[in-house]
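In: Sequence first, then the predicted structure, then my questions.
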There are 2 protein chains.
Amino acid sequence: MVDREHKPKSFRESQPGFRWDEVDLLAYKEEGAAPFKSITRQILFQRPELGCELRYFEIDAGGYSTLERHEHVHAVMILRGSGRCLVGEDLRAVRERDLVFIPPLTWHQFRATNDEPLGFLCMVNAERDKPQLPTAVDLHELQKSPAVAAFLGGSDE
Amino acid sequence: MVDREHKPKSFRESQPGFRWDEVDLLAYKEEGAAPFKSITRQILFQRPELGCELRYFEIDAGGYSTLERHEHVHAVMILRGSGRCLVGEDLRAVRERDLVFIPPLTWHQFRATNDEPLGFLCMVNAERDKPQLPTAVDLHELQKSPAVAAFLGGSDE
């Protein structure tokens, strides 16, 4: 790892199953840190010369990312499969190559559909604040929308 | 444009032909500024909150990007088709989802194959220096490698 950090390979080939040479398959977060299901993380670019990192997240069928918000923004491109995404009060179906921007302090969650994985690139500032989890009051507020309530409950409607 | 700058849409759908809602198809560079052929640019994410921009470049069959170098680095993922890429003295065939890192002050050029386009994402710092073009001496140095000379000459071998 140390060598790679100091002299990165210029070329890393893609491998079957949305894997890459020299890129480790990582846990999404520490287990128990926050609610999530069936999601992995791969760091594609993380270099001291760059103001951002590029990561690839993949959510298995039926899985979801943590419902959270933070000061830093996300710039996302869907790379594989399809799913749904909540950004603030806006709920959308997403599919390959769609672009999603998560503004500052905006609740967001990605969910794969029940029949295929959802994989996406996420560009994010290298220096960033920690995510915030919703309080019971925040959740109550979000769930006032029946569509959002159903989404957060995992309903595929 | 002004409204979009201040309140970006969270969702922008992908369209056929590697286009996106609300994303303009731009010239690669100003015509005559540097040698290049058959290449377009689309800016996918360019936000004041982000330290980097994410662009999509597409080179038509037989086309190529400018041979250049600069202090800033490029973090590239091939998104469409196949081609070849020169990074320093390293010449490689690239295809969908391969990763390419261009280190500081390293000569680089992308070329599509003669039968399909080459499209790639390129993450770059928002603040960056201007590209440098090779002098005759630089070109002579690069062309000492027969493989690189053939590549720069457009040979598809």
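Out: Good, I have the coordinates.
In: Spell out whether stretch A:101-110 and chain B are in contact.
Out: Yes: among the residues of stretch A:101-110, A:101-104, A:106 lie within reach of chain B under CB under 8 Å from any CB of the partner chain. (Each C-beta comes from the backbone N, C-alpha and C, glycine too.)
In: What subset of these is buried?
Out: A:101-103, A:106 (16 or more other CB atoms under 10 Å in any protein chain shown).
In: Need those residues in a markdown table (columns: distance to B:P8).
Out: What follows is these, written out as a markdown table (distance: CB to CB, whole Å):
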| residue | distance to B:P8 |
| --- | --- |
| A:F101 | 5 |
| A:I102 | 10 |
| A:P103 | 7 |
| A:T106 | 11 |
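In: tell me what the helix or strand containing A:R84 is packed against?
Out: A:R84 is part of strand A:74-87 when elements are defined by DSSP states H and E. Using 3 or more CB pairs under 8 Å, 6 or more residues apart in numbering or on different chains; DSSP states H and E, the elements in contact with strand A:74-87 are strand A:52-64, strand A:90-95, strand A:99-102, strand A:108-112, strand A:118-125, helix A:146-152, strand B:37-45.
In: Quick check: the residue of chain A found nearest chain B vs A:F45, distance?
Out: Nearest to chain B in chain A, going by CB to the nearest CB, is A:G51, at a distance of 2.3 Å. Going from A:G51 to A:F45 by CB to CB, to the nearest Å gives 11 Å.
In: In terms of neighbours, single out the busier of these two.
Out: A:F45 (22 against 19; other CB atoms under 10 Å in any protein chain shown).
In: which strand residues sit across from the more buried one in the sheet?
Out: With beta bridges defined as DSSP bridges, A:F45 has these partners: A:L54.
In: Contact partners for the residue nearest the centre of chain A?
Out: The centroid of chain A falls nearest to A:F57 when counting by CA atoms, centre = their mean (5.4 Å). Counting by CB atoms under 8 Å, 6 or more residues apart in numbering or on different chains, A:F57 touches A:28, A:39-42, A:65, A:110, A:119-120, A:122.
In: How about A:D129?
Out: A:70-72.
In: ok, 10 Å please
Out: A:70-72, A:104-105 (CB atoms under 10 Å, 6 or more residues apart in numbering or on different chains).
In: can you check A:Q15 too?
Out: Counted by CB under 10 Å, 6+ apart, A:Q15 has contacts A:21, A:23, B:97-98.
In: Likewise for A:P117?
Out: A:P117 neighbours (CB under 10 Å, 6+ apart): A:17-18, A:38-40, A:58-63, A:80-83.
In: What score does the closest residue to it other than its chain neighbours have for pLDDT?
Out: Setting aside the residues directly before and after it, A:P117 is nearest to A:G81 in space (CB to CB, 6 or more residues apart in numbering or on different chains), at 4.8 Å. In this prediction, A:G81 carries a pLDDT score of 96.
In: Count the neighbours of A:G81 for me.
Out: A:G81, neighbours per other CB under 10 Å, totals 21.
In: And A:W20, by the same measure?
Out: 19.
In: Identify the bridge partners of it.
Out: So, taking DSSP bridges as the rule, A:W20 has A:S14 as bridge partners.
In: Double-check it against B:E96; I have them as touching.
Out: No: in this structure, A:W20 is not within contact of B:E96 by CB atoms under 10 Å, at 11.9 Å.
In: Below-threshold pLDDT in chain A: ranges please.
Out: A:1-6, A:156-157 (pLDDT under 70).
In: what's the most distant pair in the residues of stretch A:101-110 next to chain B?
Out: With distances taken as CB to CB, the most widely separated pair in the residues of stretch A:101-110 next to chain B is A:F101 and A:P104, at 10.7 Å.
In: Spit out the residues that contact those two alike.
Out: A:73, B:49.
In: Tabulate the CA atom coordinates of stretch A:66-81 in PDB.
Out: Presented in PDB, the C-alpha positions along stretch A:66-81 are these (Å, rounded to 0.1, in the frame of the first residue of the first chain):
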ATOM      1  CA  THR A  66     -27.300   5.000   5.100                       C
ATOM      2  CA  LEU A  67     -29.900   7.800   5.300                       C
ATOM      3  CA  GLU A  68     -27.700  10.700   6.200                       C
ATOM      4  CA  ARG A  69     -26.700  14.300   5.500                       C
ATOM      5  CA  HIS A  70     -23.500  16.400   5.800                       C
ATOM      6  CA  GLU A  71     -22.100  19.700   4.800                       C
ATOM      7  CA  HIS A  72     -20.000  18.200   1.900                       C
ATOM      8  CA  VAL A  73     -21.700  17.500  -1.400                       C
ATOM      9  CA  HIS A  74     -21.800  14.300  -3.500                       C
ATOM     10  CA  ALA A  75     -21.400  14.200  -7.300                       C
ATOM     11  CA  VAL A  76     -22.800  10.800  -8.400                       C
ATOM     12  CA  MET A  77     -23.000   8.900 -11.700                       C
ATOM     13  CA  ILE A  78     -24.900   5.600 -11.800                       C
ATOM     14  CA  LEU A  79     -22.600   3.000 -13.400                       C
ATOM     15  CA  ARG A  80     -24.500  -0.300 -13.000                       C
ATOM     16  CA  GLY A  81     -28.100  -1.400 -12.700                       C
END
